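Colleague: Need the 3D shape of this:
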Amino acid sequence: MKIRNLAAAALIAAVGSTAFAQAKEQFFPLLSYRTGAYAPNGIPWADGKQDYLKMVNARDGGINGVKITFEECETAYATDRGVECYERLKSRPGVTLIDPQSTGITFALTEKAPGDKMPLLTVGYGLSVAQDGMAFKWNFPLLGSYWTGSDILIQHIGKSLGGVDKLKGKKITLVYHDSPFGKEPIPLLQERSKMHGFELQLLPVTAPGVEQKATWLQVRQSKPDYVLLWGWGVMNSTALKEAQATGYPRDKMYGVWWAGAEPDVKDVGAGAKGYHALAMHSSGQQPKVMQDILKHVYAKGQGTAQKDDVGAVLYTRGVVISMLSVEAVRRAQERFGKGKVMTTEQVRWGLENLALDQKKLDALGFNGVIRPVSSSCQDHMGSTWARIQDWDGAKWAPSSDWYEADEQILKPMIKAGGEKYLADKKMTRRLAADCQS
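Modeller: Now for the predicted structure:
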C-alpha cells in the first residue's frame, strides 16, 4: 500500500510539475482604441499587434517555449482611460511591457514607470528626449521620434530644393494636432528655422480636427511654400479635403508617419494625389512575415482583421511593435534564462540591448520592412531612419531613399532636454554601472 501511495504521489507531483511548466506565459497588455474619433486609425494598429503575437504562438510555439498571452484594454485615446488600463494590467503575472499607443498616455505613465519598473515602448511617438537612456531608464522610443521625423522632413525638402541652404527665405507652416503629440516637433523645427533661415508658422488644430476651415483660411492667406501635417485620425483626411477646397497643392504637403496611412487618404482619393508622408517601414502583403501571418493565423480562421487589410500601413506598424516586444523578451532570455518568463526589469534590459541586424530581420521575415535596430544604455531609439512615401491617388509608394536624422542637431537638444527633465523631477542621471543591471 505504501509503495502504491508513493507512486500515486509521485504521479501527482509529475502532473503538477508538467502543468506548471505548461502554464509559463508571457503576458502582453494591449492598450487600444477601437472606439471614438480615432478608431479608424487605432483598429488596424491594434489588429497588427494581436496577429503577430498569435502568429508567434502558432508558428514558433511562443518565445523559446514560453506561450504568449494578451488582453486588450480600450482607451478611446483618452489619457485617463489609458492610465486606468495601465493600473489594471500592470500587475498581471508575466507582464512584459506597456505600449501606451498615445503620446498623452505616455506623458502620464512616464511618471509612474520608474516606481513600477515598467518599460514603456513608444515606437515612433512619445517623448523625443527619451532617446537619452541615461535620463529615461524606462522609456523606449524605438525607431524614431517626432524630432527625428521632423528633422528628416526638413532634410528632404532641402534636398528637393538643391540643398538646405535654399531653405532661406522660405515659409513652412506646421498644421498640428493641439495636444502633446502635435506639439512635440516644434522645438526641432524652431532650431532648424534658426539654422537655415526659413519662417516657421504654427497653426494648432483643436482635437479631433473635424473643423479646420479657419486654419486653412490662414494657410491660403499666408501662402506657405510647404505645409507639414502633424495630425491623427479624422484630422488628416479633413486637412487634405480643406487643402483641396482652398486650392493648396497637395504635393507641397508632408505628413508625419501618423498622417500617412490608408484611412488618412482613402476618403479623399484622387484629391490627395501628390501628398507626401514619412514612412518608418514598408507596407503590403509581400514580406515573409505577412505571408506567415496569413498562413498560420488567417488560414486557420483566427485573424483579427479582414484578410485584405493585412499589410496595410498601420497594421504593419502594429506587427513591427509586437515584433520588437517579442525580440526584447528573446534578447532578455539570452541573458537571464532561455525558455523562462521574463520580468519587466529583464525585458527592460532586453529593450536596451536589442541587436537586430539585417540577418536577424531577414530570419524573422522582416526583410525590406524596417532598417536594422541596435539600442544601448545611452540610446533608447536604436534607429532613426525614415523615408518619404507618396499617395498616387490609389496607393502609397516609396518616393525617396532612406534618410537618417542628423545627430549633430539632435544630440545637444536631447542631452539638454534630459538634463532639464531630471532637474525638474529632482532626479539624477544613471551611472555607467547601472547599464549592466
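
Colleague: Next one, pLDDT for G62 please.
Modeller: pLDDT recorded at G62 is 98.

Colleague: typed the wrong thing, it's A7
Modeller: On the pLDDT scale, A7 gets 45.

Colleague: who touches the helix or strand harbouring E72?
Modeller: Per DSSP states H and E, E72 falls inside strand 67-74. Strand 67-74 is contacted from outside by 24-35, 46, 50, 53, 56-57, 61-62, 81, 85, 88-89, 92, 94, 326, using C-beta atoms under 8 Å, 6 or more residues apart in numbering. Any C-beta I mention is one placed from the backbone N, CA and C, and that applies to glycine too.

Colleague: are any of those residues buried, and which?
Modeller: Among these, those classed as buried by 16 or more other C-beta atoms under 10 Å are 25-34, 46, 50, 53, 56-57, 62, 81, 85, 89, 94, 326.

Colleague: Which ones among those lie within strands?
Modeller: E25, Q26, F27, F28, P29, L30, L31, S32 (DSSP state E).

Colleague: Show me what the fifth one is bridged to.
Modeller: Residues in a beta bridge with P29, per DSSP bridges, are E71.

Colleague: That one and C85: what is the separation?
Modeller: 7 Å (C-beta to C-beta, to the nearest Å).

Colleague: just to revisit the earlier point, just the buried positions in the strand holding E72, please.
Modeller: Quick answer for strand 67-74 (16+ other C-beta under 10 Å): K67, I68, T69, F70, E72, C73, E74.

Colleague: swap in stretch 157-164?
Modeller: Buried residues in stretch 157-164, counted by 16+ other C-beta under 10 Å: I157, G158, V164.

Colleague: one step back: can you tell me which of the ones in strands among the buried ones among the contacts of strand 67-74 lies closest to P180?
Modeller: L31 (16.1 Å; C-beta to C-beta).

Colleague: got the contact list for the closest one?
Modeller: Counting by C-beta under 8 Å, 6+ apart, L31 touches E72, C73, T75, G82, C85, Y86, I98, D99, P100, Q101, S102, I105.

Colleague: same question, L229
Modeller: Residues counted as contacts of L229 (C-beta under 8 Å, 6+ apart) are V175, Y176, N236, A239, M253, Y254, G255, V256, A259, A277.

Colleague: Tell me which two of those residues sit farthest apart.
Modeller: Longest span within the contacts of L229, C-beta to C-beta: Y176 and A277, 14.5 Å.

Colleague: continuing past the longest helix anywhere in the chain, what's the next helix or strand?
Modeller: Using DSSP state H, we find that the single longest helix of the chain is helix 313-336. As assigned by DSSP H and E, the chain's next helix or strand after helix 313-336 is helix 344-352.

Colleague: Partner strands of the next helix or strand along the chain from that next one, with direction?
Modeller: On the C-terminal side of helix 344-352, the nearest following helix or strand under DSSP H and E is strand 355-356. Strand pairing for strand 355-356, determined by DSSP bridges: strand 373-374 (antiparallel).
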